[in-house]
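1. requesting a structural model of the entry that follows:
(2 chains)
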2 protein chains.
Amino acid sequence: MNLLLLEESDFVSDARVVISGRRLSHVTDIHQASIGDTLRVGRVNGLMGAGVIQVLDTHQMVLDVTLTETPPVSLPLTVLLSLPRPKMLKRSLQTMTAMGVKRIVLMNSYRVEKSFWQSPWLAENKLREQLVLGLEQARDTLLPEVVFEKRFKPFVEDRLPAMLQGKRGLVAHPGDSGRYCPRQLTEEIVLAIGPEGGFIPYEVEKLEACGFERIHLGSRILRVENAIPVLISKLFD
Amino acid sequence: MNLLLLEESDFVSDARVVISGRRLSHVTDIHQASIGDTLRVGRVNGLMGAGVIQVLDTHQMVLDVTLTETPPVSLPLTVLLSLPRPKMLKRSLQTMTAMGVKRIVLMNSYRVEKSFWQSPWLAENKLREQLVLGLEQARDTLLPEVVFEKRFKPFVEDRLPAMLQGKRGLVAHPGDSGRYCPRQLTEEIVLAIGPEGGFIPYEVEKLEACGFERIHLGSRILRVENAIPVLISKLFD
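-> A predicted model of the protein is given here:
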């Protein structure tokens, strides 16, 4: 936790917050902070700054906060991620959030196991926990938006064209076809990432028909959890 | 498993292997392969090619193999990784191996918890399991070399200067000092990566005294498991 993220409900006045639970434990156990210490804080979807510990006991921590800094810039990127298995979903959400992605579409594709859609980790509060961990890691405050698209064809045919309007669509697909991942882009990108095993040819063709370009990362095939940071760091260097 | 990695002990003749255990289960359960199917195979530290299934039952699989392709190129990179917690170590080893790193030094630093050095995952056969998973993922056959350096100062003072000879040393260290991670390098690199919480200033200074340059990845602080693929994909684009 490189930033203590403050929820609206933590504020008892404009400049004072009261913290308990997981964040209190982290500050006492990991940071081993004391009264008078200054912590880096940020308000969800708001400014960042410093918080000075006024009260600290086993039940609560009271901080006086000064919030003046804007959060780091976001990436001009929407990720369409084929729903990964729950453990990988959690890590992927944290990674994307930490790297500055603000629009995430969790979508279905042929090789997504149906059971993944039943995961308790898709509940709104569970998803939000992962996003918060990503923000705390990267010192950011802007929560990404996460959308579900449980049916591939209606999504790609009916909603994706509007989402792609004015943006460049890229579909990451291992293999000889397509070009090597472009680098240091500045335009708005919509990046589609397949499940373990990849998109099936029909899906790549549907995305191409919608205007997406095929890209790859060379002959080494990476797991989704590594492909995400590698693709993002090449696209927006 | 995008490549079936063949051990020396699998070969019953130059062109025939017998497989059992984990790999057999994977081929039957995940790939759902049958007699006559062709699998992508590679000999540990040797050539890659195709294997045709001759026999397949619950106990064993017999393949006739033709090995003619060289494995993908390795990175001109040695990674000095501060020993991460066991779960992250496993993932980091797989990631580095999948991305083509062939020399890995697991080293101590101040913020490495002493207990991490007691992990059963540091046993030679356990480490090798992770490397094999990385090779199978990326379709490579060349096992990385993994070395332990359990004491920071003697390592950096006595052995690192020779290791750095003719190479460029970079130490990834978040913060305002140092330059942004360089890209598309072609020279031999030795890259030092700190533990969660980073190197302490003394350690960065010792590495700098040895000839290392400080680099960073911007204001967003990434977890080690993400910093590894991001650094590698920027350095060797």
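2. rest of the way, CA atoms for contacts and neighbours
-> Noted.
3. residues contacting stretch A:188-208, please?
-> Identification of contacts with stretch A:188-208 by CA atoms under 8 Å, 6 or more residues apart in numbering or on different chains yields A:76-84, A:109-112, A:156, A:164, A:166-174, A:214, A:223-224.
4. which among those count as buried?
-> Taking 16 or more other CA atoms under 10 Å in any protein chain shown as the criterion, what is buried in those is A:76-84, A:109-112, A:156, A:164, A:167, A:169-174, A:214, A:223-224.
5. of those, list those near chain B.
-> residue A:223 (CA under 8 Å from any CA of the partner chain).
6. run a quick neighbour tally on residue A:146.
-> By other CA atoms under 10 Å in any protein chain shown, 16 other residues sit near residue A:146.
7. residue contacts, it?
-> Residue A:146 touches A:103-106, counting by CA under 8 Å, 6+ apart.
8. what sits up against stretch A:66-73?
-> A:15, A:41-43, A:46-51, A:100, A:139-142, B:219-220.
9. could I get the contacts of residue A:146 as TSV with secondary structure?
-> What follows is the contacts of residue A:146, written out as TSV (DSSP: H, G, I helix; E, B strand; the rest coil):
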residue	secondary structure
A:103	strand
A:104	strand
A:105	strand
A:106	strand
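10. can you pull up the most central residue in chain A?
-> Nearest residue to the geometric centre of chain A (CA atoms, centre = their mean): residue A:97, 2.7 Å.
11. part of a strand, is that residue?
-> No. Assigned with three-state DSSP, residue A:97 falls outside any strand and is helix.
12. pop out the phi and psi values for the closest residue to it other than its chain neighbours.
-> Excluding the flanking residues, the one nearest residue A:97 by CA to CA, 6 or more residues apart in numbering or on different chains is residue A:134, at 5.0 Å. Dihedral angles of residue A:134 (phi, psi; degrees, to the nearest 10) stand at phi -70, psi -40.
13. quick check: mean pLDDT of stretch A:216-234?
-> Mean pLDDT, stretch A:216-234: 95.
14. residues in contact with it?
-> By CA under 8 Å, 6+ apart, stretch A:216-234 touches A:88, A:91-92, A:95-96, A:99, A:172-175, A:178-184, A:193-196, B:2, B:72, B:95, B:98-99, B:137-140, B:226, B:229-230, B:233-234, B:237.
15. ok, now with 6 Å
-> Stretch A:216-234 has contacts (CA atoms under 6 Å, 6 or more residues apart in numbering or on different chains) with A:92, A:172-174, A:180-181, A:183, B:138, B:229-230, B:233.
16. which of those count as buried?
-> Looks like the contacts of stretch A:216-234 have A:92, A:172-174, A:181, B:138, B:229-230, B:233 buried, using 16+ other CA under 10 Å.
17. can you pick out the ones from the residues you listed that are in helices?
-> Secondary structure assignment (DSSP state H) places A:92, B:138, B:229-230, B:233 from the buried ones among the contacts of stretch A:216-234 within helices.
18. who are the contact partners of the residue nearest to residue A:97?
-> Taking CA under 6 Å, 6+ apart, one finds A:94, A:97-98 in contact with residue A:134.
19. ok, residue A:174 next?
-> The neighbours of residue A:174, taking CA under 6 Å, 6+ apart as the test, are residue A:216.
20. state the distance from it to residue A:206.
-> Per CA to CA, to the nearest Å, residue A:174 is found 17 Å from residue A:206.
21. in the sheet, who's paired with residue A:38?
-> Note on residue A:38: beta-bridge partners residue A:52, judged by DSSP bridges.
22. picking up where we left off before, may I ask which of the contacts of stretch A:216-234 comes out lowest in pLDDT?
-> residue A:174 (89).
23. wait, residue A:212 sits on residue A:172?
-> No. Judged on CA atoms under 6 Å, residue A:212 makes no contact with residue A:172 at a distance of 9.8 Å.
24. okay, now the domains of chain A?
-> A:4-69, A:77-235 (automatic domain parsing).
25. can you put the contacts of residue A:134 in CSV and add pLDDT?
-> Output for those, formatted as CSV (pLDDT from 0 to 100):
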residue, pLDDT
A:94, 97
A:97, 98
A:98, 97
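26. pretty sure residue A:159 sits in a helix.
-> Yes. Under three-state DSSP, residue A:159 falls within a helix.
27. give me the neighbour count for it.
-> Neighbours of residue A:159 (other CA under 10 Å): 12.
28. what's the pLDDT at it?
-> Note on residue A:159: pLDDT of 97.
29. now residue A:30
-> We note a pLDDT of 85 for residue A:30 in this prediction.
30. for it, give its distance to residue A:24.
-> Using CA to CA, one gets 10 Å for the distance from residue A:30 to residue A:24.
31. the more surrounded of these two?
-> Higher neighbour count among residue A:30 and residue A:24: residue A:24, with 22 against 10, using other CA under 10 Å.
32. help me confirm that the more buried one is found in a helix?
-> Yes. The assignment for residue A:24 (three-state DSSP) places it in a helix.
33. returning to what we had before: Throw the ones in helices among the buried ones among the contacts of stretch A:216-234 into TSV and include distance to residue B:151, thanks.
-> Listed next are those as TSV, based on distance: CA to CA, whole Å:
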residue	distance to residue B:151
A:92	34
B:138	32
B:229	26
B:230	27
B:233	29
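34. of all these, which two lie farthest apart?
-> The widest separation within those, taken as CA to CA, falls between A:92 and B:138 and amounts to 19.4 Å.
35. pull out the buried members of the contacts of stretch A:66-73.
-> Listed as buried from the contacts of stretch A:66-73 are A:41-43, A:46-51, A:100, A:139-142, B:220; burial here means 16+ other CA under 10 Å.
36. among those, name the ones in strands.
-> By the criterion of DSSP state E, membership of these in strands covers A:41-43, A:48-51.
37. now these as CSV including pLDDT and distance to residue A:124?
-> Below are these laid out as CSV (pLDDT from 0 to 100; distance: CA to CA, whole Å):
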residue, pLDDT, distance to residue A:124
A:41, 97, 24
A:42, 98, 22
A:43, 98, 20
A:48, 98, 25
A:49, 98, 28
A:50, 97, 29
A:51, 97, 28
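38. in strands only, show me the contacts of stretch A:188-208.
-> Per DSSP E, the contacts of stretch A:188-208 map to strands at A:77-82, A:168-172, A:214.
39. the residues you listed: which two are farthest apart?
-> Using CA to CA, the ones in strands among the contacts of stretch A:188-208 span at most 18.6 Å, a distance reached by A:82 and A:168.
40. would a markdown table of the ones in strands among the buried ones among the contacts of stretch A:66-73 with distance to chain B be doable?
-> Below are these laid out as a markdown table (distance: CA to the nearest CA, whole Å):
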| residue | distance to chain B |
| --- | --- |
| A:41 | 14 |
| A:42 | 14 |
| A:43 | 17 |
| A:48 | 13 |
| A:49 | 14 |
| A:50 | 16 |
| A:51 | 19 |
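41. could you measure the nearest residue to residue A:211 once chain neighbours are set aside against residue A:202, distance?
-> Leaving aside its chain neighbours, residue A:211 sits nearest to residue A:169 (6.4 Å; criterion: CA to CA, 6+ apart). Look at residue A:169 and residue A:202: by CA to CA, they are 17 Å apart.
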